[in-house]
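K.L.:
I would like to see how this sequence folds:
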Amino acid sequence: MAKSKHTEWFLPEDQRKALAPYFKDFKEVVPVHLFVKAGQNDAYADFAHNLMKDLVRLTDKVTLSLHSDDAKASDSFAVTRFPTLLIAPEKYSIRFTGAPAGEEGQAFLHALMMVSTGNSFLSERSRELLQELQEPRVVKVFVSPTCPYCPGQCVNAIKAAVEKPKLVSVECVETGENPDYAQEYSVGSIPHTVYDEKLSTVGMESELAFVLQLLTLTAAKDMAQEEGRADKDVIHHDLVIIGSGPAGLTAGIYAKRAGLDAVVLEKGIVGGLVSITPEVENYPGFINIGGKMLMDMIHEQAKQYVDVITGQTVEEIKVGRNLEVLTQDQVYVADSVIYAAGASWKKLGVPGEDRFMSKGVSFCASCDGFMFKGKKVAVVGGGNTALTDALHLKNLGVDVFIVHRRDSFRAEQHLVDSVLREEIPVHWNSVVEEIGGKETLTFITVRHIKTGETERVPVDGVFLAIGIVPNVQAVSHLGLAQEPGGYIRVDRLGRTSIPRIYAAGDITGGVQQIVTAVSEGASAAMAVFEDQTRRKAESAARKA
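P.N.:
Down below sits the predicted model:
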């Protein structure tokens with residue numbers, strides 16, 4: 001027998017169960033206005049409507065006002081794109097242009113929480129800075145459904161709008177539903193943030209950097225260069241772990257379980273490169289799982305044990321009686337450090353690459369692939385990442401081909417088989433020598449290694465997957481022993497050539513797999529515990 005409409009749900013049961021305790025913290029009723037118009041993004045409008053109907057059923061702290069083909073209401077609230085969601089528009093200026101159908105759904109839920117509680121959840125420092133804001137600000141954050149960085153940047157903006165409702169207006173724009181809007185602002189990579197039409201930035205930023213840029217309309221990196229280092233707070237721990245990828249988070253779990261006072265510092269998003277991996281198929285226990293989902297699970301477990309602090313860029317590590325870890329606004333003093341800062345994508349080093357970076361050239365298929373639906377792109381590389389990216393893009397409806405400098409792939413066989421099955425074209429024995437175009441990226445120049453012949457291939461985008469380089473900037477001055485390629489040399493337990501400094505994960509080279517990073521993080525944490533215990537025993541013996 002068919003279920004009645006009243007009992008049918010749009011959200012799956014596990015998501016409804018997860019939301020129930022979340023809504024218990026709501027205080028005031030949050031009115032949400034949904035604007036839809038027939039013939040404009042109808043599928044997304046249906047998604048937004050069904051989502052809101054479920055939320056209203058799950059809690060009496062959220063209400064819905066539906067405006068369907070309502071020209072008067074649209075004009076009154078200055079809505080010109082559909083669907084659009086406004087959150088408590090009588091008090092706040094928070095709008096989602098496009099249905100929050102992907103990762104940005106997290107930001108939408110955070111916005112509901114902040115408005116219901118009246119709490120921006122900003123740090124004390126950020127609140128103090130925003131008190132200086134006297135002029136209105138309009139912030140646009142362009143996002144996509146698959147971008148793991150986007151929710152954090154949207155939340156930064158929403159926090160400011162809740163803290164300063166009379167001055168800060170925020171619009172989170174879903175680029176897939178509004179491609180012309182994204183094109184108007186030359187959006188090439190996301191999150192792309194526009195501050196008051198005067199400053200544009202790409203990528204997720206720390207809360208403090210966002211607030212500073214909102215206040216001054218000057219790039220945070222430029223302000224840092226002008227102002228230099230300010231006085232910093234000093235915080236003491238037994239262990240500081242730098243990096244929140246699989247190695248860093250696992251190290252945090254094992255360190256706290258061993259009784260160490262530990263903290264994990266992360267400059268960007270939790271999860272590192274794994275978070276932007278579309279699919280992971282070789283992690284034990286999961287036949288297939290999204291990289292971000294896997295890292296979210298590890299992060300949730302780690303948070304039960306250890307503080308994970310994002311927005312902390314490690315600038316320097318000083319070695320003395322104690323180790324000092326200096327970030328942009330803090331000094332962490334510790335007995336030991338585990339450096340698990342991972343690696344970054346390698347660049348081609350060809351003309352046009354820097355010019356079109358984030359304007360058609362990208363390292364993140366998960367983040368930016370959605371914007372190239374129906375367009376032609378090249379994936380450069382022949383390993384697991386390149387083939388995974390190509391398959392992900394193909395699945396999104398992108399016209400994708402691969403450029404590889406060898407005559408065979410270096411990837412796992414099942415990925416090779418999938419690429420062949422999907423009939424993704426490959427330029428074998430070829431390298432990209434130029435990325436070009438006038439105002440926008442329109443072509444790459446490909447050279448065949450064996451024949452020397454070159455060909456100009458029309459493209460709308462280029463995704464680079466040619467390998468990684470270790471993030472050793474913060475420790476380069478220490479003179480740590482290195483392996484070829486600049487990776488940090490360690491023993492089997494993660495000890496480096498300098499006592500009390502350990503390393504784990506991709507930063508140490510090797511096979512660079514998630515499962516080995518987890519193992520190395522655990523080993524390094526246990527080595528820290530053993531070494532600190534030994535030193536304390538030796539110190540006590542000397543005093544006896």
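
K.L.:
lowest-pLDDT helix or strand in this protein?
P.N.:
helix 220-227 (a mean of 56; mean pLDDT, DSSP states H and E).

K.L.:
and His392, how far is that from Gln40?
P.N.:
According to C-beta to C-beta, to the nearest Å, His392 stands 28 Å off from Gln40. Heads up, the C-betas are built off the backbone N, CA and C, glycines and all.

K.L.:
the two - which one has more neighbours?
P.N.:
Comparing His392 with Gln40 by other C-beta atoms under 10 Å, the one with more neighbours is His392, at 20 against 14.

K.L.:
and that one, what element?
P.N.:
helix 384-395 (DSSP states H and E).

K.L.:
what helices and strands are in contact with the next helix or strand after that helix?
P.N.:
Sequence order places strand 399-403 as the next helix or strand after helix 384-395, per DSSP H and E. With contacts taken as 3 or more C-beta pairs under 8 Å, 6 or more residues apart in numbering; DSSP states H and E, strand 399-403 sits against strand 376-380, helix 384-395, strand 426-427, strand 430-436.

K.L.:
residues of the helix or strand just after strand 399-403 that come out buried?
P.N.:
Where DSSP H and E defines the elements, the next helix or strand beyond strand 399-403 is helix 413-421. In terms of neighbour count (16 or more other C-beta atoms under 10 Å), helix 413-421 has its buried residues at 415-416, 418-419.

K.L.:
next, count neighbours for Ile501.
P.N.:
21.

K.L.:
list the contacts of it.
P.N.:
Residues in contact with Ile501 (C-beta atoms under 8 Å, 6 or more residues apart in numbering) are 317, 319, 323, 336-337, 339, 475, 478, 480.

K.L.:
ok, Ile402 next?
P.N.:
By C-beta under 8 Å, 6+ apart, the contact list for Ile402 reads 378-382, 386-387, 390, 419, 424-427.

K.L.:
6 Å - rerun?
P.N.:
379, 390, 426 (C-beta atoms under 6 Å, 6 or more residues apart in numbering).

K.L.:
in the contacts of Ile501, which residue is surrounded by the most others?
P.N.:
Tyr339 (33 neighbours).

K.L.:
what bridges to that one?
P.N.:
According to DSSP bridges, the partner residues bridging Tyr339 are Ile242, Ala503.

K.L.:
name all residues that make contact with it.
P.N.:
By C-beta under 6 Å, 6+ apart, the contact list for Tyr339 reads 242, 475, 503.

K.L.:
could those be laid out in CSV, adding pLDDT?
P.N.:
Converted to CSV, the contacts of Tyr339 look like this (pLDDT from 0 to 100):
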residue, pLDDT
Ile242, 98
Val475, 95
Ala503, 98
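
K.L.:
between those, which is closest to Asp460?
P.N.:
Ile242 (37.3 Å; C-beta to C-beta).

K.L.:
that closest one contacts Glu266, doesn't it?
P.N.:
No. The pair Ile242 / Glu266 is not scored as a contact, 8.2 Å apart, by C-beta atoms under 6 Å.

K.L.:
wait, which of the helices and strands packed on strand 399-403 is closest to Arg492?
P.N.:
Among the helices and strands packed on strand 399-403, the nearest to Arg492 by C-beta to C-beta is helix 384-395 (25.2 Å).

K.L.:
dump the closest one to CSV, restricted to CA.
P.N.:
Presented in CSV, the C-alpha positions along helix 384-395 are these (Å, rounded to 0.1, in the frame of the first residue of the first chain):
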residue,chain,number,x,y,z
ASN,A,384,45.6,7.5,-9.4
THR,A,385,44.7,11.1,-8.8
ALA,A,386,44.6,12.0,-12.5
LEU,A,387,42.4,9.1,-13.5
THR,A,388,40.1,9.5,-10.5
ASP,A,389,39.7,13.2,-11.4
ALA,A,390,39.0,12.4,-15.0
LEU,A,391,36.3,9.8,-14.1
HIS,A,392,34.8,12.3,-11.6
LEU,A,393,34.6,15.0,-14.3
LYS,A,394,33.2,12.6,-16.8
ASN,A,395,30.5,11.7,-14.3
